[in-house]
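Student: quick one, fold the following:
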Amino acid sequence: MLVKTYGSAVYGIHATTITIEVNVFPGVRFSLVGLPDNAVKESQQRIDSALREVGYKIPGKKIIINMAPADIRKEGSAYDLPLAIGILTATEQINCEVLGNYIIMGELSLDGSLVPIKGVLPMAIQAREEGFEGLILPKANAREAAVVDKLKVIGADNIKEVIEFLKGDLVIPPTEVDTRAEFYAHLNNFPHDFADVKGQENVKRALEIAAAGGHNIIMIGPPGAGKTMLAKRISGILPPLTLQEALETTKIHSVAGTLEKNSALMTQRPFRSPHHTISDVALVGGGTFPMPGEISLAHNGVLFLDELPEFRRTVLEVMRQPLEDRTITISRAKCTIEYPASTMLIASMNPCPCGYYNHPDKDCLCGPGMVQKYLSKISGPLLDRIDIHIEVVPVSFDKISDQRLSEKSELVRLRVEKARQVQEKRFEEHDGVHCNAQMSSKLLRKHCLPNEEGNQLLKTAMEKVGLSARAYDRILKVSRTIADLEGSENIETDHLAEAIQYRSLDRDGWGG
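Tutor: Residues are numbered from 1 along each chain as shown. Predicted coordinates for the structure are as follows:
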């Protein structure tokens, strides 16, 4: 008897429906074809044990299973459940009239229980688009899939429940999630607040500008000055995710398997902080079976690279293209996968190997040329993609011991949101441009024209302070954001003056 069940395969952040054809003949052979990987091939032993636990078995017959399209590689153990249901139906151990209405996915334990799987959200979206009635999957993944409306999501704890549901002997209520209520319920829950930071007003101002314009920023300062503490608090002042951004971000984390158990929707911008020993592939994505890297997991959020010069040079260089294009393209012999990577880069570093160059109280122990050698680990092209450079100075005892709270993150966030609204309106006719940091040269010439006095100030900065030519565009973008924060339609001289201050690493002679 020929039976068809339906599963799903995830490539990149999109899913493809897989038709699992099971046919039974006289004989004693189990054949699985259609480019399955080792995890899929090993499913026979898991299925056999799971079925025996619930009173069924793989009969001693010739069973041929084809996973179509046969030219697409099938990966992972999530096909255990549809394969098992297909075998039971094809061997007439159960009768499932509604089998063709559902996408079925799930990994089986030897006792028949269902183990959570990755990539459920893209599968649910694809199932709805192709007109399937519902999706049957492990209960731990049900809330994640239920974010997709107009789709019946059936969560089961074990294969016995799935069998009884398909036979009509058990009613499993579909899992339902009010997506908007879920989204807005946790929108403003942040563990860190700017009010906890003592002093560092100039750095907080720079971070506010970076958040308002989506600018990349690097903080340079000695150990213990508060660089990491400040970076962790920037999520609290970024504009909240839109519902579309939340779905897009959740989809990436669903594919990577980084969503929390029984979670439904990511409601806060991601904050990723990889260790400096990270590999190229782990940062940008890829591998034998391509998966999103840290820069994609930080999509619509923040990628924090602490101790930037300690990262390997090759790791830093692979970031150059995605920071500019805001996408990652991974090419393999038989496929090309694209992951989104629109992230805000925050980096921190010591000014020298010992960490005390330019320290107000401690002497630098580094020899001649060591400071410049240390800074040169960061290439010019990468530095070119960082708009704001800010020096972080240690906080005095008086400020540390002051019990008064600083300005709360929610107040800063209101100003940032107001500035972002101005930018959204400004770029509403330009697809893919949502903030000042994303402006092209053409948009820069249109929206960032300084007056004559401002031009003279820029000229003086270029000639006397020693700013490089590549800093010119960055200064204009940052000054445009400063003007937006102040509600100014034009870029004034004081906006340019403040933006020029945020180019520390472009100055001639910085670092010796």
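Student: which residues of the stretch 401-512 of the chain fall in helices?
Tutor: With DSSP state H, counting those that start in this stretch as the criterion, the stretch 401-512 of the chain has helices at 409-426, 441-447, 452-460, 471-485, 493-501.
Student: pick the most deeply packed of those.
Tutor: helix 471-485 (a mean of 25; mean count of other C-beta atoms under 10 Å). Where C-beta positions appear, they are placed from N, C-alpha and C, glycine not excepted.
Student: tell me the angle that one makes with helix 493-501.
Tutor: Note on geometry: by axes from the mean of the first three to the mean of the last three C-alpha atoms, to 10 degrees, helix 471-485 and helix 493-501 are set 130 degrees apart in direction.
Student: mind putting the helices of the stretch 401-512 of the chain in a markdown table, distance to residue 126 and mean pLDDT included?
Tutor: Conversion of these to a markdown table gives the following (distance: least, C-beta to C-beta, whole Å; pLDDT from 0 to 100):
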| stretch | distance to residue 126 | mean pLDDT |
| --- | --- | --- |
| helix 409-426 | 30 | 92 |
| helix 441-447 | 36 | 87 |
| helix 452-460 | 51 | 89 |
| helix 471-485 | 39 | 91 |
| helix 493-501 | 46 | 91 |
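Student: distance to residue 286 added to these, as JSON lines?
Tutor: Below are the helices of the stretch 401-512 of the chain laid out as JSON lines (distance: least, C-beta to C-beta, whole Å):
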{"stretch": "helix 409-426", "distance to residue 286": "32"}
{"stretch": "helix 441-447", "distance to residue 286": "31"}
{"stretch": "helix 452-460", "distance to residue 286": "41"}
{"stretch": "helix 471-485", "distance to residue 286": "30"}
{"stretch": "helix 493-501", "distance to residue 286": "37"}
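Student: which one of the ones you listed lies nearest to residue 240?
Tutor: Residue 240 sits nearest to helix 409-426 of all the helices of the stretch 401-512 of the chain, at 7.9 Å, using C-beta to C-beta.
Student: residue 270 versus residue 314, what's the distance?
Tutor: Counting by C-beta to C-beta, to the nearest Å, the gap from residue 314 to residue 270 is 24 Å.
Student: between those two, tell me which one has more neighbours.
Tutor: Comparing residue 314 with residue 270 by neighbour count (other C-beta atoms under 10 Å), the higher total belongs to residue 270, at 21 against 10.
Student: let me know whether that one touches residue 304 as I believe.
Tutor: No: with contact defined as C-beta atoms under 8 Å, residue 270 does not reach residue 304; the gap is 10.6 Å.
Student: for the most centrally placed residue in the chain, give me its contacts.
Tutor: Taking C-alpha atoms, centre = their mean, the centroid of the chain lies closest to residue 297, which sits 2.2 Å from it. Neighbour list for residue 297: 252, 253, 256, 258, 270, 272 [criterion: C-beta atoms under 8 Å, 6 or more residues apart in numbering].
Student: from residue 93, how far off is residue 48?
Tutor: Distance, residue 48 to residue 93, by C-beta to C-beta: 13 Å.
Student: more neighbours: those two, which one.
Tutor: Neighbour count, other C-beta under 10 Å: between residue 48 and residue 93, residue 48 has more, with 18 against 15.
Student: that's a helix at that one, yeah?
Tutor: Yes: under DSSP: H, G, I helix; E, B strand; the rest coil, residue 48 falls within a helix.
Student: for it, which non-adjacent residue is spatially closest?
Tutor: In space, and not counting its chain neighbours, residue 48 is closest to residue 58: 5.2 Å by C-beta to C-beta, 6 or more residues apart in numbering.
Student: tell me the pLDDT of the one you found.
Tutor: pLDDT for residue 58: 91.
Student: can you give the domain ranges for this protein?
Tutor: The chain breaks down into these domains under automatic domain parsing: 3-177, 194-394+408-506.
Student: coming back round to it: can you classify the residue nearest to residue 48 by secondary structure?
Tutor: Following three-state DSSP, the label given to residue 58 is coil.
Student: give me the number of residues near it?
Tutor: When counting by other C-beta under 10 Å, one arrives at 17 neighbours for residue 58.
Student: can you tell me which residues contact it?
Tutor: Residue 58 sits next to 30, 44, 47, 48, 51, 87, 91 when contact means C-beta under 8 Å, 6+ apart.
Student: how about residue 390, what does it touch?
Tutor: With C-beta under 8 Å, 6+ apart, residue 390 has these contacts: 202, 203, 206, 217, 218, 219, 220, 502, 504.
Student: that's a strand at it, yeah?
Tutor: Yes: looking at residue 390 with three-state DSSP, it is inside a strand.
Student: the closest residue to it other than its chain neighbours: which element?
Tutor: In this structure, residue 390 finds its nearest non-sequential neighbour in residue 206, 4.2 Å apart by C-beta to C-beta, 6+ apart. Using DSSP states H and E, residue 206 sits in helix 201-213.
Student: repeat that for residue 51.
Tutor: Under the criterion of DSSP H and E, residue 51 resides in helix 43-53.
Student: and the next helix or strand past that helix?
Tutor: Once the chain leaves helix 43-53, the next helix or strand it forms, by DSSP H and E, is strand 62-68.
Student: following that next one, which helix or strand shows up next?
Tutor: The helix or strand immediately downstream of strand 62-68 is helix 80-90, counting by DSSP H and E.
Student: dihedrals phi and psi, residue 11?
Tutor: Phi and psi for residue 11, reported as degrees, to the nearest 10, are phi -130, psi 120.
Student: before we move on, back to that, for the helix holding residue 51, buried residues please.
Tutor: For helix 43-53, the neighbour count (16 or more other C-beta atoms under 10 Å) marks 43, 44, 46, 47, 48, 50, 51, 53 as buried.
Student: which elements pack onto it?
Tutor: strand 30-33, helix 80-90, strand 107-108 (3 or more C-beta pairs under 8 Å, 6 or more residues apart in numbering; DSSP states H and E).
Student: just name the most buried of these.
Tutor: Taking mean count of other C-beta under 10 Å, helix 80-90 is the most buried of the helices and strands packed on helix 43-53, at a mean of 26.
Student: so residue 475 sits right up against residue 496, yeah?
Tutor: Yes: at 6.8 Å, residue 475 counts as touching residue 496 under the criterion of C-beta under 8 Å.
Student: who touches both of these two?
Tutor: Common neighbours of residue 475 and residue 496 (C-beta under 8 Å, 6+ apart) are residue 458.
Student: thinking again about what came up before, list the contacts for the residue nearest to residue 390?
Tutor: 217, 388, 390, 502.
Student: just flag the most distant two among the residues you listed.
Tutor: Put simply, by C-beta to C-beta the two of those set farthest apart are 217 and 502, 8.2 Å from each other.
Student: what's the overlap in contacts for those two?
Tutor: Common neighbours of residue 217 and residue 502, using C-beta under 8 Å, 6+ apart, are 206, 387, 388, 389, 390.
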